[in-house]
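Engineer: Structure for the following, please:
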Amino acid sequence: MEDLGQRLIEWLTNVLMSYVEQIYRSVVCQVDELVNGIISKINQLLTELLDSVLGPLQDILGAIAVPLNIIGGAINYIMQLLGFSCSGPDQTCSKYKLHCTTGEKKEDEDDKDFLDNLLEDIDNLFGDTPADYTQYVCDEAYTGRPLSTTSIGFTGGVPAPGGSGGDPTKKPIITYNIQDIEVKEGSIARFNVIRSGYLDEASSVKYKTLKNQGSATEGEDYVGVDGILGFAPNETTKYIDVQTIADIVDEPDQDFFMYLRKNSPTSGAVSTVFKKNVGKCTITEQNVKEPGDPSTPPIANPLDPIGPEDPLSILPTFPGSGEDLTDTTDTTPTFDVSANRIACPEGDFIIYTITTSNVVNGTIVYYTLSGNDITSQDIIGGSLNGQAVINNNLAKVTVGINEDGVVEDPETLRFTLNGKGKFVDVIITTADDQSIEDYDEGVGDGLETVFSPFEPPSIDPTKIITDENGGIIEIPVDKPGDPWAEPPYVFVGGEGVGAAATALLDENGFLTEIRVKRPGYGYKKNLASDLDVRCIIDSFTILRPGIGYTEVPRMYVDGELGVAEAVINSDGFVIGARILDRTRTFDRFPAIDIVGGNGYGAKLLPSLACLDTDALSTIGATKIGTGQYIDCP
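Structural biologist: Numbers count the residues shown, from 1 in each chain. Purely as a prediction, here's the structure:
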């Protein structure tokens, strides 16, 4: 019990401090959720403690007599000792109401009825200060209390080391920038890559020229490159050289792109961001002609470009006309388009500017978005076509790029003005090429030392799956956030009670899995069938290894053999379990029974993973969680 008390003190301290720091609403409106979470945690700790002490006894008694709920009764008794059997805002229970059987009024009883006494008891909570019933008003007072969604919070834990002065709540950022350049054809194109921010350790980026992106052709106009650019500690500048190719063909300026991507460090304790990760090189014409080349134009007379022998070189003005026939003012409408960036990461926006001349206000122009592997799903709004209205010879179009979460090479998105022969290309990069613009604090121009706040894991509450009783089956991790040195506690809130879960870290310290240890009940229903997924057993958590097993015991999953098998060691303990049938799906937590083997006391908890049909058909017998079949909390 002393150990239980210490664990409760530690957990309550962490959760209360974290809760105060992260509160966004009135504390009064959060009391129920906080209390439910605390009671669930106490229930979990009591279950773990009593299960280890009384669990084997219950198993033995259950084998020879009617099963006795020893643990449940013990928990209820302890909860009563802790005072949780009484309700109300204070620590005292309401007085018993006295009913007179004779119908006569007691001498010490006044004319107040039960409601009057209840209101008086509530007012007494405020001491000498009258109760203020308008000070705290929850939204539910006006809208009705909605069924709250299950919430997952994180408290305690130790973030991975990093940050300024060893502050673990922040981590350092390395910032990269690449410049746009212009060179004559045949020259060396030298891209300047600048590293700034956190320079205390070595780092590197991958680089490559983007083939088939831009108007220049690899192998004809430049020699493509692909490699890794490394920076030693405190080194700030490196160069990437690309050989351009000269020819004797007159052609307009051409361009190609150099693309940077993170390479190291990979631990996650240091962020790598880009102020700009795509550099553009414009190749200009040398105008070199071979001697005697007939295509070389003669040198024109700057005073008479057409030549005096040309009878049209001088055009007369007819007397009295008042009109100069040499007036060549062009009133033909013209169109052009440009973009505010040459590269755009997924999840960001591009602003296109359409400039015109001699175009009437209110003119509608139409545009099309296109590119290899570009579909309507890549564009926010789902449309590859649109229109803009010209006003004062100007129009702007904003196009958002969806983040699909797929790691892929950059793609070219072309914005074309229909029927005008004008277009502009923008390189679409992956979302993990994080821009320095994503950070709001202390960034400036991205060229000074910057530390980012620690990012906790995020959970999408709409993806938390429950069974028919509101018991939680799976809590998928939406984004792992930043790495941890020690995992945080998992705080389960919402309508239900009794759910408990633990956070599991991968080898790099990222929280990639939340293992449900107790499903609880009464949480907002979100069935697997509602999300079009099916749940299989992913792994097991050992609650008790048992003792005395001389041979492998039989393992029943919902009363069936052949779904999984236990694993024992030479000391007679159950140390794991193997999944034998991954085609078996479940809509609730299955019961696991370990029988025989000449031992007793082993208890395993299944962990479910809920996947769609395509994912289930490809996983085979591969572990899909943290890579560990057995977790011993």
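Engineer: now the strands for the stretch 101-250 of the chain?
Structural biologist: Assigned by DSSP state E, counting those that start in this stretch, the stretch 101-250 of the chain shows strands spanning 151-155, 158-159, 170-178, 181-184, 188-197, 203-209, 226-231, 237-243.
Engineer: Low-confidence ranges, this structure, go.
Structural biologist: 1-147, 161-169, 267-268, 287-329, 404-408, 431-450, 615-633 (pLDDT under 70).
Engineer: domains for it, by residue range?
Structural biologist: 1-90+110-157+457-520, 170-290, 333-421, 532-633 (automatic domain parsing).
Engineer: Tell me which helix or strand comes right after the lengthiest strand in the chain.
Structural biologist: When the chain is parsed with DSSP state E, its longest strand is strand 534-547. Counting by DSSP states H and E, the next helix or strand C-terminal to strand 534-547 is strand 554-557.
Engineer: helices and strands around that following strand, which ones?
Structural biologist: On a contact count with 3 or more C-beta pairs under 8 Å, 6 or more residues apart in numbering; DSSP states H and E, strand 554-557 meets strand 564-568, strand 592-595. All C-beta spots, glycine's among them, are computed from the backbone N, C-alpha and C.
Engineer: Quick one: those as a markdown table, columns for mean neighbour count and distance to residue 495 too.
Structural biologist: A markdown table is the format used below for the helices and strands packed on strand 554-557 (neighbours: other C-beta atoms under 10 Å; distance: least, C-beta to C-beta, whole Å):
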| stretch | mean neighbour count | distance to residue 495 |
| --- | --- | --- |
| strand 564-568 | 20 | 32 |
| strand 592-595 | 19 | 27 |
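Engineer: Relative to residue 242, which of these is closest?
Structural biologist: Taking C-beta to C-beta, strand 564-568 is the member of the helices and strands packed on strand 554-557 nearest to residue 242, at 57.0 Å.
Engineer: What residues of whichever helix or strand comes after that closest one count as buried?
Structural biologist: Per DSSP H and E, the first helix or strand lying C-terminal to strand 564-568 is strand 574-579. Neighbour-count burial for strand 574-579, counted by 16 or more other C-beta atoms under 10 Å, picks out 574, 575, 576, 577, 579.
Engineer: Just the CA atoms of strand 574-579, as PDB, please.
Structural biologist: The C-alpha atoms that make up strand 574-579 are tabulated as PDB, following Å, rounded to 0.1, in the frame of the first residue of the first chain:
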ATOM      1  CA  VAL A 574       4.800 -17.300 -19.300                       C
ATOM      2  CA  ILE A 575       7.000 -14.800 -21.100                       C
ATOM      3  CA  GLY A 576       5.000 -14.200 -24.200                       C
ATOM      4  CA  ALA A 577       2.400 -15.200 -26.800                       C
ATOM      5  CA  ARG A 578       2.300 -15.700 -30.500                       C
ATOM      6  CA  ILE A 579      -0.500 -14.800 -32.800                       C
END
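Engineer: ok, it: who's next to it in the sheet?
Structural biologist: Here strand 574-579 is paired, per DSSP bridges, with strand 564-568 (antiparallel).
Engineer: picking that back up, tell me which of the helices and strands packed on strand 554-557 sits nearest to residue 363.
Structural biologist: So among these, strand 564-568 is nearest, using C-beta to C-beta, at 69.9 Å.
Engineer: Look up how far residue 338 lies from residue 368.
Structural biologist: Remark: distance between residue 368 and residue 338 (C-beta to C-beta, to the nearest Å) = 17 Å.
Engineer: do the same with residue 393
Structural biologist: Residue 393 is 14 Å from residue 338, by C-beta to C-beta.
Engineer: Wait, residue 417 touches residue 365, no?
Structural biologist: Yes: here residue 417 reaches residue 365: they are 5.9 Å apart, a contact under C-beta atoms under 8 Å.
Engineer: Now for these two: what residues contact both?
Structural biologist: Common contacts of residue 417 and residue 365 (C-beta atoms under 8 Å, 6 or more residues apart in numbering): 335, 354.
Engineer: thinking again about what came up before, possible to save the buried residues of strand 574-579 as JSON lines with distance to residue 426?
Structural biologist: Converted to JSON lines, those look like this (distance: C-beta to C-beta, whole Å):
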{"residue": "574", "distance to residue 426": "58"}
{"residue": "575", "distance to residue 426": "56"}
{"residue": "576", "distance to residue 426": "52"}
{"residue": "577", "distance to residue 426": "52"}
{"residue": "579", "distance to residue 426": "47"}
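Engineer: so which of those residues comes closest to residue 273?
Structural biologist: Closest to residue 273, out of all of those and judged by C-beta to C-beta, is residue 579, at 40.5 Å.
Engineer: Tell me the secondary structure at residue 530.
Structural biologist: helix (DSSP: H, G, I helix; E, B strand; the rest coil).
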